Every structure is written in C-alpha cells, then in structure tokens.
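K.L.:
What follows is a predicted structure for the sequence shown.
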Amino acid sequence: VVTLSLLMYPMLRSLALQLHSAVTGSYVSGTHSIAFINCLNEQIAKDIARAIMDKKLAAYVNILPKSSALYFWKGELEESTEILLLVKTRTSKIGELSNYVRSIHPFEIPEIISLPIDQGNPPYLKWIEESVPRD
C-alpha cells in the first residue's frame with residue numbers, strides 16, 4: 001500500500017493542484033516552465049523552434065541572438081557562438097520536449113534545461129495553458 005501510494009503521489013498531487021487552481025482561479029507555481037535550448041546557428045534554431053511549435057510542445061519560443069560560450073568538451077576548453085531558444089510550455093511537457101529535441105538536434109549532447117515559472121502575468125500564463133494541449 002505504501003509503495004502504491006508513493007507511485008501515485010505525483011499524479012494525485014497534480015490532480016489536486018489542478019482542482020485547486022480551477023476552484024480558486026489562482027496560479028499554481030511550477031505549472032509552466034521555460035526551457036533553454038542551445039543551437040549552433042540561427043537556421044538550426046529556427047528549424048528546431050518551428051518543429052517544437054508544429055508538435056504543439058510550446059506556446060512560445062524566443063530565438064535569442066548570438067552569444068559567446070565557453071565550455072569543456074572531451075577534456076578541452078572550447079569557445080563558440082550559439083543561439084539560445086527560450087521555450088515557454090507546460091511543465092508536464094518538459095520530458096516530451098526534451099526527448100523530441102534530442103531526436104532532431106545536431107549536437108551529440110544538446111543543452112536542454114528547464115526552470116519552473118513561479119509567478120507571472122495571469123492572462124499570459126492562462127494563454128500558455130490554452131496553447132499547449134494537456135498530456
């Protein structure tokens with residue numbers, strides 16, 4: 001019983017938070033996330049952004065201009081320029097988003113990290129909710 005309860009906890013918590021949000025009309029912190037995805041150049045960034053949008057894995061994708069990057073790769077210090085995508089989506093879609101981007105991204109190990117959205121403009125957060133289908 002304890003094991004079953006622990007396995008069901010995330011699903012039950014999610015349902016409880018959705019019910020609370022629906023009843024009170026309040027935003028539940030962490031319901032949405034911003035994912036950061038690095039790309040080699042602008043064309044790859046646009047292609048990945050469009051693919052994400054076509055799959056309805058995000059409500060909005062910003063393509064930020066070139067930035068310099070320093071990182072260790074295979075024991076060597078590397079320097080490059082990259083384009084950064086900021087992807088606004090449901091937190092529940094992060095796993096699917098990450099899997100999909102890894103399948104189409106040219107990097108061996110693409111940067112795909114996310115942060116939950118704690119607070120924001122309620123109409124904008126509602127728009128994200130309406131733009132990205134539930135699981």
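P.N.:
That came through fine.
K.L.:
what packs against the strand or helix carrying Glu82?
P.N.:
Using DSSP states H and E, Glu82 sits within strand 76-90. For strand 76-90, the elements it packs on are strand 32-39, helix 42-54, strand 60-73, helix 122-131, judged by 3 or more C-beta pairs under 8 Å, 6 or more residues apart in numbering; DSSP states H and E. Glycine gets a C-beta too; all of them are placed from N, C-alpha and C.
K.L.:
out of these, deepest packed?
P.N.:
Mean neighbours per residue, mean count of other C-beta atoms under 10 Å, is largest over those for strand 32-39, with a mean of 21.
K.L.:
partner strands of that strand, parallel or antiparallel?
P.N.:
Strand 32-39 pairs in its sheet with strand 76-90 (antiparallel), strand 112-116 (antiparallel), by DSSP bridges.
K.L.:
Next, the contact list for Glu129, please.
P.N.:
Glu129 is in contact with Thr31, His32, Arg90, counting by C-beta atoms under 8 Å, 6 or more residues apart in numbering.
K.L.:
Columns distance to Gly75 and pLDDT on top of these, output as JSON lines?
P.N.:
Rendered in JSON lines, the data for the contacts of Glu129 read as follows (distance: C-beta to C-beta, whole Å; pLDDT from 0 to 100):
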{"residue": "Thr31", "distance to Gly75": "40", "pLDDT": "93"}
{"residue": "His32", "distance to Gly75": "38", "pLDDT": "96"}
{"residue": "Arg90", "distance to Gly75": "38", "pLDDT": "96"}
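K.L.:
can you redo these as a markdown table with distance to Ala51?
P.N.:
Listed next are the contacts of Glu129 as a markdown table, based on distance: C-beta to C-beta, whole Å:
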| residue | distance to Ala51 |
| --- | --- |
| Thr31 | 24 |
| His32 | 20 |
| Arg90 | 18 |
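K.L.:
Mind pulling the model confidence for the spatially most central residue of the chain?
P.N.:
Of all residues in the chain, the one closest to the mean position by C-alpha atoms, centre = their mean is Ala35, 3.5 Å from it. The predicted local distance difference test score for Ala35 is 98.
K.L.:
Great, nothing more from me.
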